[in-house]
Structure formats: structure tokens, C-alpha cells
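1. The sequence and its predicted three-dimensional model are supplied below.
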Amino acid sequence: MTSMNVSLPESLRKFAEERAAKGFSSVSEYFRVLLRDDQKRLAQERLEELLLEGLDSGKPVEVTPEYWKELRARVRERAKKTKAAK
């Protein structure tokens, strides 16, 4: 694991130490958890954006057993063509 030094005003340093004392082994662990949570939040936001794009991308398709059967057939055909081209 690498290290990083962060400059904080005194009030934030005290706040971080107080928060870390309430359930974390260190201030470093507290910051790691904050950063991971922020990373997850951003990933969730991106996923929601992509889902909305998908919903807005065109006419909806009813997904039935027949749809899956046809999709599998198209994928198999594409795989055969790709394999044959090699």
C-alpha cells in the first residue's frame, strides 16, 4: 500500500480524528472507507446514467423465451463466422 500526505486545517484534522475514534482503527482507515464509499457512489451514479440511456434509447423489446432463443442463434452464428475468419 502506498502513502499519501494530506494537508488539513486544524478543525478538519480534529473532526477526522474524532470520527476515526468512533469505529475505525486509524484516521487512515477512516479516509480509506470514505474514499471507497465515494468510489461506489460514483459507480452507482454512472450505472443509473447508463440505465436511463438504455431506457431512452429506443423502442422497448419484449423479452420472451422466443427472443432468447433467437438471440442465442444469432450469437452462435456470429461466433461461427468469427471462428471461420481466423
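-> All right, it came through fine.
2. following the helix ranked longest in the chain, which helix or strand comes up?
-> In the chain, assigned by DSSP state H, the helix with the most residues is helix 27-55. Counting by DSSP states H and E, the next helix or strand C-terminal to helix 27-55 is helix 65-85.
3. Now that following helix: average pLDDT?
-> Averaging pLDDT along helix 65-85 gives 95.
4. For it, give me every contacting residue.
-> The contact list for helix 65-85, computed with C-beta atoms under 8 Å, 6 or more residues apart in numbering, reads V61. Using the backbone N, CA and C atoms, a C-beta is placed for each residue, glycine as well.
5. Let me see the mean pLDDT of the longest helix of the chain.
-> Helix 27-55 shows a mean pLDDT of 98.
6. Could I get the contacting residues of the nearest residue to R19 once chain neighbours are set aside?
-> Excluding the flanking residues, the one nearest R19 by C-beta to C-beta, 6 or more residues apart in numbering is Y30, at 5.7 Å. By C-beta under 8 Å, 6+ apart, the contact list for Y30 reads 16, 19-20, 24.
7. Give me the subset of those lying in helices.
-> 16, 19-20.
8. any chance of those residues in JSON lines, plus distance to L8 and pLDDT?
-> Output for those, formatted as JSON lines (distance: C-beta to C-beta, whole Å; pLDDT from 0 to 100):
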{"residue": "A16", "distance to L8": "7", "pLDDT": "98"}
{"residue": "R19", "distance to L8": "12", "pLDDT": "98"}
{"residue": "A20", "distance to L8": "13", "pLDDT": "98"}
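9. Would you convert those into TSV that also reports neighbour count?
-> Below are the ones in helices among the contacts of Y30 laid out as TSV (neighbours: other C-beta atoms under 10 Å):
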residue	neighbour count
A16	18
R19	15
A20	17
